[in-house]
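> sharing a model prediction with you, sequence too.
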Amino acid sequence: MTHGIETDGRCNIPASENSTLRESLALLGSLCLTICANRYVYHVHANDYEGFVKAIKKASTTEIPSFIPKRMTELAVRERLRILMETDWKTQAALLLEEMKNETERGLKPYVSISTAISIARIYLQPHQVFELWNHSVWDLFMPYHQPSIVSIPTWLSREYPYSLSLVGFVP
Amino acid sequence: MKDIADPVHGVINLRKLGPHEFSEAVAMSKVMIGVGNPWWSPSPYHALCMGVPFLNPVSANAFRSDVNLLTLLTR
C-alpha cells in the first residue's frame, strides 16, 4: 500500500511519522495544495501554538518567486498565433477531404466531426452556402423542433465554436 | 462565531468584503491562515497565485491512525 490509505479508508502511515504525506492525506484539500505548491503551504496541528508561530515566521520570510507556466507566456501565445496564421490549412483540408473520399469509395464511413465539417465548409463554400448547410444539417440534427431564425444563434454552437458566429453575419 | 477583534493589539475584523476588496486584502497580506471552513476553499489557491503563503491547520483527529479518513472527510 504505497499511497497510505487502506481499502477501508484508514490511513496506514503511523501517526508518529509526521510526514508531509500523512498530513496531506489528512485532508484531501491539502493534498491538492501540497501537490500545487509544496513549499508554500504550511501544515500545522491544531492547538500547536509554537508550530503555528514558527510556520508564520517561516512563511513570512520565504519568498515566493514569480511563476508563469511556459505555455502561458506571451512568447508562447505569439508562437501559437503564428502557427495558426502561417499553417496552410487549405492544403490540410484538401488532404483530409481526399482521405474521406477515398474511404467512402472503399465503402467505409469516414468520421466527420461537426468542427471538421464546419472548417471544411468555411474553406470551400461561399458564406451563404455554409449558412444553408449549417441551417439544414446541423440544426436538424440537434434541434429538430426549433424553427431556425437568423438572429438567434444556438447557445451550444456559439459556446463551442465561437468562430461560427461569423457565419451568421452572412445572410443569404 | 466568537468575535476576537482587538484593534488595539492589531486584530482587525474587516467584516464582509466584496470579491475585489477581498483580493486586495489578500494581496496586502503576509500569510493566509485557514480556518477549516469551508474545507474546499479556493482562497488558498487564490492566495498562492498572489504570492501569499498558506498556513493549513490540521485537526488532531486526522492524525489518529484509528480514525477513518474517508468518514472524516465526508463529515
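Looks like it arrived, so ask away. Numbering: from 1, shown residues only, chains lettered A, B, ... in the order given.
> what about A:Trp50, neighbour count?
Quick fix: residue A:50 is Glu, not Trp. A count of nearby residues for A:Glu50, using other CB atoms under 10 Å in any protein chain shown, gives 8. Heads up, the C-betas are built off the backbone N, CA and C, glycines and all.
> sorry, wrong one. I was asking about B:Val35.
9.
> quick one: it from A:Ala46, how far?
11 Å (CB to CB, to the nearest Å).
> what do you get for A:Val53?
Note on A:Val53: its distance to A:Ala46, by CB to CB, is 14 Å.
> quick one on the thing from earlier: overlap in contacts of B:Val35 and A:Ala46?
Counting by CB atoms under 8 Å, 6 or more residues apart in numbering or on different chains, the common neighbours of B:Val35 and A:Ala46 are B:Pro57.
> who does the longest helix seen in chain A touch, helix- and strand-wise?
Ranked by residue count, the top helix of chain A under DSSP state H comes out as helix A:89-105. The contact analysis (3 or more CB pairs under 8 Å, 6 or more residues apart in numbering or on different chains; DSSP states H and E) places helix A:89-105 against helix A:114-124.
> so B:Leu55 touches B:Val35, yeah?
No: counting by CB atoms under 8 Å, B:Leu55 stays clear of B:Val35, with 10.3 Å between them.
> tally of neighbours for A:His43?
Neighbours around A:His43, by other CB under 10 Å: 22.
> any idea what it is bridged to?
Counting by DSSP bridges, A:His43 is bridged to B:Asn56.
> now B:Leu14. Its backbone dihedrals?
phi -80, psi 0 (degrees, to the nearest 10).
> what's the burial count for it?
9.
> identify the spatial nearest neighbour of it, chain neighbours not counted.
In this structure, B:Leu14 finds its nearest non-sequential neighbour in B:Ala25, 6.2 Å apart by CB to CB, 6 or more residues apart in numbering or on different chains.
> in chain A, which ranges drop under the pLDDT threshold?
A:1-38, A:114-115, A:118-172 (pLDDT under 70).
> again, 50 this time
Scanning chain A for pLDDT under 50 picks out the ranges A:1-5, A:7-9, A:144-172.
> tell me the buried residues in stretch A:84-96?
Neighbour-count burial for stretch A:84-96 flags A:Ala93 (criterion: 16 or more other CB atoms under 10 Å in any protein chain shown).
> cool, stretch A:46-54 as well?
Buried-residue list, stretch A:46-54, by 16+ other CB under 10 Å: A:Phe52.
> report whether it contacts chain B.
Yes: interface with chain B: stretch A:46-54 contributes A:46-47, A:52 (CB under 8 Å from any CB of the partner chain).
> CA atoms only for that stretch, dumped as PDB, please.
Extracted in PDB, the C-alpha atoms of stretch A:46-54 (Å, rounded to 0.1, in the frame of the first residue of the first chain):
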ATOM      1  CA  ALA A  46      -4.500  22.100  15.800                       C
ATOM      2  CA  ASN A  47      -3.500  23.600  19.300                       C
ATOM      3  CA  ASP A  48       0.200  23.700  18.400                       C
ATOM      4  CA  TYR A  49       1.000  27.300  19.200                       C
ATOM      5  CA  GLU A  50       4.700  27.000  18.800                       C
ATOM      6  CA  GLY A  51       4.400  25.300  15.500                       C
ATOM      7  CA  PHE A  52       1.900  28.000  14.500                       C
ATOM      8  CA  VAL A  53       4.300  30.800  15.300                       C
ATOM      9  CA  LYS A  54       7.200  29.000  13.600                       C
END
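> for A:Met100, give its distance to A:Thr91.
Where A:Thr91 is concerned, A:Met100 sits at a distance of 15 Å (CB to CB).
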